[in-house]
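A.B. asks: Fold the stuff below for me.
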Amino acid sequence: MTAPEAPPAPAPLPIRTVVADWETVSDDQGSTISPDMLPVVITVHATSSDEAIEAASDRLQAVYGPHVEALHRDTVTRNDWFGLGDTDPLLRVCAVLIGSPILDDDTKRYADYLA
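C.D. replies: Okay, here's the model as predicted:
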């Protein structure tokens with residue numbers, strides 16, 4: 001008697017959720033700032049952690065641009081968010097989750113947050 005074949009592995013979800021906290025950073029004048037801001041949770045279309053961090057950087061740059069008032073900085077670039085390209089990161093990645101979080105507000109769908 002032979003063992004039954006294992007079912008095929010499910011296709012990976014093309015969605016990742018990045019959870020990050022703020023690093024202690026320097027402002028534009030060189031003073032050290034320890035931001036008192038809430039953690040960042042951002043859901044993006046991606047199939048890997050690296051893609052998710054890249055996509056999250058793009059999304060944050062599109063939303064906030066170069067000016068982040070709470071950090072007293074007017075020169076934030078796309079690479080600064082997560083320290084891409086050897087820059088000092090503004091955010092420290094705590095976790096990259098597969099899929100989207102279960103939302104408390106069931107009137108919104110995860111696609112509403114991706115838009």
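
A.B. asks: C-alpha only now, for contacts and for neighbours.
C.D. replies: Fine.

A.B. asks: quick one: residue 38 and residue 20, what's the gap?
C.D. replies: For residue 38, the distance to residue 20 equals 9 Å [Cα to Cα, to the nearest Å].

A.B. asks: go on, residue 97?
C.D. replies: Taking Cα to Cα, one finds residue 97 at 11 Å from residue 20.

A.B. asks: higher neighbour count, the two?
C.D. replies: Taking neighbours as other Cα atoms under 10 Å, residue 97 and residue 20 compare with residue 20 leading, 19 against 16.

A.B. asks: Just the element for that one, please.
C.D. replies: According to DSSP states H and E, residue 20 maps onto strand 15-22.

A.B. asks: following that strand, which helix or strand shows up next?
C.D. replies: In N-to-C order, the element after strand 15-22 by DSSP H and E is strand 25-26.

A.B. asks: What mean pLDDT does that following strand get?
C.D. replies: Averaged over strand 25-26, pLDDT sits at 78.

A.B. asks: who does that strand touch, helix- and strand-wise?
C.D. replies: With contacts taken as 3 or more Cα pairs under 8 Å, 6 or more residues apart in numbering; DSSP states H and E, strand 25-26 sits against strand 32-33.

A.B. asks: about what we covered before: mind listing what the strand holding residue 20 pairs with, with the direction of each?
C.D. replies: Here strand 15-22 is paired, per DSSP bridges, with strand 40-45 (antiparallel), strand 91-98 (antiparallel).

A.B. asks: out of those strands, which comes closest to residue 84?
C.D. replies: Proximity to residue 84 (Cα to Cα) singles out strand 91-98 among those, at 10.8 Å.

A.B. asks: Using PDB, write out the CA atom coordinates for that closest one.
C.D. replies: C-alpha atoms of strand 91-98 as PDB (Å, rounded to 0.1, in the frame of the first residue of the first chain):
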ATOM      1  CA  LEU A  91      11.800  52.900  10.600                       C
ATOM      2  CA  ARG A  92      12.900  49.500  12.100                       C
ATOM      3  CA  VAL A  93      11.100  46.500  10.600                       C
ATOM      4  CA  CYS A  94       9.600  44.500  13.400                       C
ATOM      5  CA  ALA A  95       7.800  41.900  11.200                       C
ATOM      6  CA  VAL A  96       6.700  41.200   7.700                       C
ATOM      7  CA  LEU A  97       3.500  39.200   7.700                       C
ATOM      8  CA  ILE A  98       2.000  37.200   4.800                       C
END
